[in-house]
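Visitor: Provide a 3D model corresponding to the input given below.
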Amino acid sequence: MMTADKEKKRAISREAARKRRRVESDVFGDLCRLLPLQPSVRAHLDKPSIIRLTLSYIRMRTLLKVSDSVETNAEAGHAVKGQPGPGGGGEMNWDKEEKQGEDLVPSEETSMYLRVLEGFLVVLSAEGDMMFLSDNVSKYMGLTQTELMGHNIFEYTHPCDHEEIRHNLRLTAGEAWCTQKRDFVMRIKSALTHRGRSANLKSATWKVLHCQGQSKVCAASSSVSCLLLTCRPLPLSHTLLSTHTFTSQHSMDMRFTYCDQRVTSLLGYRPDELIGRSLYELCHAHDTSCLNKNHMNLCLKNQSVSGQYRLLVRTGGYVWVESHSAVIPSVRASRSRPAAHQPLCILCVTYVLSGVEEPTLHLSLDQIWTRYPS
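Guide: Below you'll find the predicted structure:
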């Protein structure tokens with residue numbers, strides 16, 4: 001009799017557990033169908049992924065809602081002063097709703113922007129959670145948008161770069177919304193092989209990304225503070241040589257070991273004049289910090305892109321430039337450079353972005369000696 005009662009209770013318990021699992025599966029199914037994803041993607045989501053993506057979606061909706069309310073209040077302020085917004089009076093809200101409806105339709109312009117960008121977009125929370133990534137992230141990391149959203153950036157970046165990432169995530173609220181520019185380089189895991197195929201994340205390699213963007217802070221709620229970044233891999237695939245570009249090689253302390261002939265038409269220096277000299281000698285004194293930051297990134301991460309800085313012109317004045325640099329493990333000797341073999345060197349591609357500014361201004365002895373030859 002006791003055995004029969006125990007079996008009956010177990011059967012009831014198993015049935016109750018099956019019912020709970022069915023209800024849970026139905027709830028997760030309903031929640032999954034609400035996510036703005038393709039049906040083929042939703043079909044492969046497990047329960048933890050559904051929760052992770054739902055939380056990311058809610059956080060992004062909150063972020064956009066707060067941003068939208070700030071803009072609405074600003075437009076209302078203009079209307080009170082007798083300066084209605086573009087919608088004009090009572091039609092403003094209707095136009096806004098219609099515009100929001102149009103934004104839900106995928107636009108060809110969006111995909112075009114991502115192709116031209118040569119990178120992907122990411123929205124980070126103040127804690128480093130990846131609230132949103134553009135769907136072309138798989139092209140650069142070998143991981144899909146849904147695999148990454150909701151995870152923390154620190155899980156995928158190099159441990160030596162975590163402090164720099166935390167520094168860029170630190171946000172301070174001044175006004176209702178404030179923006180602060182961000183520009184840094186970080187290393188992130190990439191599951192792409194050399195042939196462009198996706199591999200296992202355990203065998204991932206480090207890819208260097210140039211990250212630019214701005215922080216947004218809402219004083220009312222820190223939960224909607226974010227960091228919006230565009231991330232481009234280095235070296236950039238669209239890097240092209242032109243008449244306004246010169247290449248150079250440097251020792252690890254940035255002394256020239258080689259420079260091509262185009263530097264003469266751009267800066268006035270002969271290549272043989274530069275051999276053995278430091279790039280810091282040609283840099284404008286006010287921009288040495290920019291060059292130093294680029295140098296530090298090279299030593300730590302092997303690739304970097306500088307901000308815009310000034311190089312002195314031989315005859316006087318300066319030009320604005322930007323350098324894309326990488327550490328090369330070794331350089332083989334050639335006929336043109338038989339003694340160029342070094343264990344380590346830095347390869348720089350420098351873009352000249354402007355004409356000569358302040359041509360009568362002399363900022364170094366080289367420029368003075370050119371004007372008054374001995």
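
Visitor: quick check: domain ranges of this structure?
Guide: As given by automatic domain parsing, the domain ranges for the chain are 34-88+107-233, 245-371.

Visitor: worst average pLDDT in those?
Guide: The minimum mean pLDDT among the domains of the chain belongs to domain 34-88+107-233 (a mean of 76).

Visitor: can you tell me the distance between the two ends of that domain?
Guide: One end of domain 34-88+107-233 to the other measures 33 Å (C-alpha to C-alpha, to the nearest Å).

Visitor: quick revisit: out of the domains of the chain, the one nearest residue 13 is which?
Guide: Nearest to residue 13, of all the domains of the chain, is domain 34-88+107-233, at 22.3 Å by C-beta to C-beta. The C-beta positions use only the backbone N, C-alpha and C, and glycine is treated the same way.

Visitor: export the domains of the chain to CSV and tack on distance to residue 6 and mean neighbour count?
Guide: Output for the domains of the chain, formatted as CSV (distance: least, C-beta to C-beta, whole Å; neighbours: other C-beta atoms under 10 Å):
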stretch, distance to residue 6, mean neighbour count
domain 34-88+107-233, 32, 16
domain 245-371, 65, 16
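
Visitor: Save those as TSV, and put in distance to residue 18 too.
Guide: Formatted as TSV, the domains of the chain follow (distance: least, C-beta to C-beta, whole Å):
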stretch	distance to residue 18
domain 34-88+107-233	17
domain 245-371	53
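
Visitor: Next up, phi/psi of residue 328, please.
Guide: Residue 328 adopts backbone torsions of phi -100, psi 130, taken as degrees, to the nearest 10.

Visitor: Now that it has come up, it's in contact with residue 303, right?
Guide: No. If you go by C-beta atoms under 8 Å, residue 328 and residue 303 don't touch, sitting 10.6 Å apart.

Visitor: how about the helices of the stretch 101-250 of the chain, start to end?
Guide: Here the stretch 101-250 of the chain has its helices, by DSSP state H, counting those that start in this stretch, at 108-117, 138-141, 145-148, 162-169.

Visitor: does residue 348 sit in a helix or strand, and which one?
Guide: strand 345-352 (DSSP states H and E).

Visitor: Relative to residue 4, which of the domains of the chain is closest?
Guide: Comparing the domains of the chain under C-beta to C-beta, the one sitting nearest is domain 34-88+107-233, at 36.5 Å.
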